[in-house]
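Peer 1: Okay, sequence plus prediction incoming.
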Amino acid sequence: MKKLLVIGGVIAGLGLVAVVALTFFLGNAVTAGVNGFAPKLTQTKVTLAGATISPLTGSGTLKGLVVGNPPGWSDGNICSLGKIHLSVQPFSVLGDHIVVNEIDIEAPEFNYETKLVSSNVADLLKNIEAAMGGKKEGAPQAATKDGKPIKFEVKKFRLRNGKVRLGVGAAAGMTLPMPDIELTDLGTKEGGITPDQLVFAVMKNVTGSIVSATTKAVGEIGKTTGAAAAEGAKKTVEGIKNLFGGGKK
């Protein structure tokens, strides 16, 4: 009996070590993947400080994700996402079809810069779009070790309590609350989408949230700075909308 207990204890211990080792491996793999893939996709500096993912439950956290500005803008960052909580179907991360049950981003911060006819966010979208489908020479291609393209399916994406620092005319230096974003079934109908397609879909909605926050701020500017400032802000907002196709019907 004692021998069986010892054997059972050893097996349990080995199982625990295996789980810890696999958790460490998955976290390092995700961190290395983001830091290696994302800068090629965005053509900007992108760093992920760390990640932890449980192979048993699929729950995990990404920490310290920072995306730098595209060339031609300030040396600051376009966004800082802090902590990202996610739930992945266990072990799907080891295959070529990664199923994410939920991505939850809480209190992200975005820095919006504009030159009236362009913006740092619009340029970031252009970089991602250029990389989609391998249109750009040297475009990143996420694949497994045996060469199969990696695709994602995200059942629920949420971005909550976001803030955008706006540096446009009379609103320079303002920090505005962003409307929350909730997306469902990204890549479900397609049987999975590539990482660049997923990032592009999310960023389009983020820019829409930024425009909504800016539009709402126009009314506040009008109340505090008069009709002239409000009119100038309205023109600025129209320019912002046009950057993202918001002026099209």
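Peer 2: Received the coordinates, thanks. Numbering: from 1, shown residues only.

Peer 1: residue boundaries of the helices in this structure?
Peer 2: 2-42, 120-131, 195-225, 227-243 (DSSP state H).

Peer 1: Tell me the buried residues in the second one?
Peer 2: Within helix 120-131, the residues that qualify as buried are 120-125, 127-128, 131, counting by 16 or more other CB atoms under 10 Å. The way it works is simple: take the backbone N, C-alpha and C, and place the C-beta from them, glycine included.

Peer 1: Low-confidence bits of this structure, can you list those?
Peer 2: Low-confidence segments of the chain, defined by pLDDT under 70, are located at 1-27, 133-145, 147, 167-173, 216-249.

Peer 1: repeat that with 50
Peer 2: Along the chain, the parts satisfying pLDDT under 50 run over 2-25, 136-138, 168-171, 222, 225-232, 243-244, 246-249.

Peer 1: rewinding a little: can you tell me which of the buried residues of helix 120-131 is nearest residue 107?
Peer 2: For residue 107, the nearest member of those is residue 121. The distance, counting by CB to CB, is 18.5 Å.

Peer 1: Grab the nearest non-local neighbour of the closest one.
Peer 2: Using CB to CB, 6 or more residues apart in numbering and skipping the chain neighbours, the partner closest in space to residue 121 is residue 207 (5.2 Å).

Peer 1: what do you get for residue 197?
Peer 2: Nearest to residue 197 is residue 132, by CB to CB, 6+ apart, at 6.3 Å.

Peer 1: Please apply the same query to residue 47.
Peer 2: residue 66 (5.3 Å).

Peer 1: Pretty sure the one you found sits against residue 82.
Peer 2: No. If you go by CB atoms under 8 Å, residue 66 and residue 82 don't touch, sitting 9.3 Å apart.

Peer 1: residues shared between the contacts of these two?
Peer 2: By the contact definition CB atoms under 8 Å, 6 or more residues apart in numbering, residue 66 and residue 82 are jointly contacted by no residue.

Peer 1: Now for residue 69: which residues touch it?
Peer 2: Per CB under 8 Å, 6+ apart, neighbours of residue 69: 44, 75-78, 111, 113, 120.

Peer 1: Quick check: it vs residue 49, distance?
Peer 2: As defined by CB to CB, to the nearest Å, residue 69 lies at a distance of 19 Å from residue 49.

Peer 1: ditto for residue 88
Peer 2: 19 Å.

Peer 1: neighbour count winner among these two?
Peer 2: Between residue 88 and residue 49, counted using other CB atoms under 10 Å, the more crowded position is residue 88 (24 against 12).

Peer 1: burial measure for residue 39, as a count.
Peer 2: The burial count assigned to residue 39 is 16, neighbours taken as other CB under 10 Å.

Peer 1: and if you look at residue 61?
Peer 2: Other residues within reach of residue 61 by the criterion other CB under 10 Å amount to 15.

Peer 1: For it, which residues are in contact?
Peer 2: For residue 61, the contact set (CB under 8 Å, 6+ apart) comprises 51-52, 83-86.

Peer 1: Apply 7 Å and report the result again.
Peer 2: Taking CB atoms under 7 Å, 6 or more residues apart in numbering as the contact definition, residue 61 lies against 52, 83-85.

Peer 1: Buried only: go through these for me.
Peer 2: Neighbour-count burial (16+ other CB under 10 Å) is assigned, among the contacts of residue 61, to 52, 84.

Peer 1: can you tell me which of the contacts of residue 61 lies nearest to residue 212?
Peer 2: Of all the contacts of residue 61, residue 84 has the smallest distance to residue 212: 21.9 Å, by CB to CB.

Peer 1: Would you mind measuring from the residue nearest to that closest one when sequence neighbours are not counted to residue 83?
Peer 2: Beyond its immediate neighbours in the sequence, the residue positioned closest to residue 84 (CB to CB, 6+ apart) is residue 62, lying 4.1 Å away. Going from residue 62 to residue 83 by CB to CB gives 7 Å.
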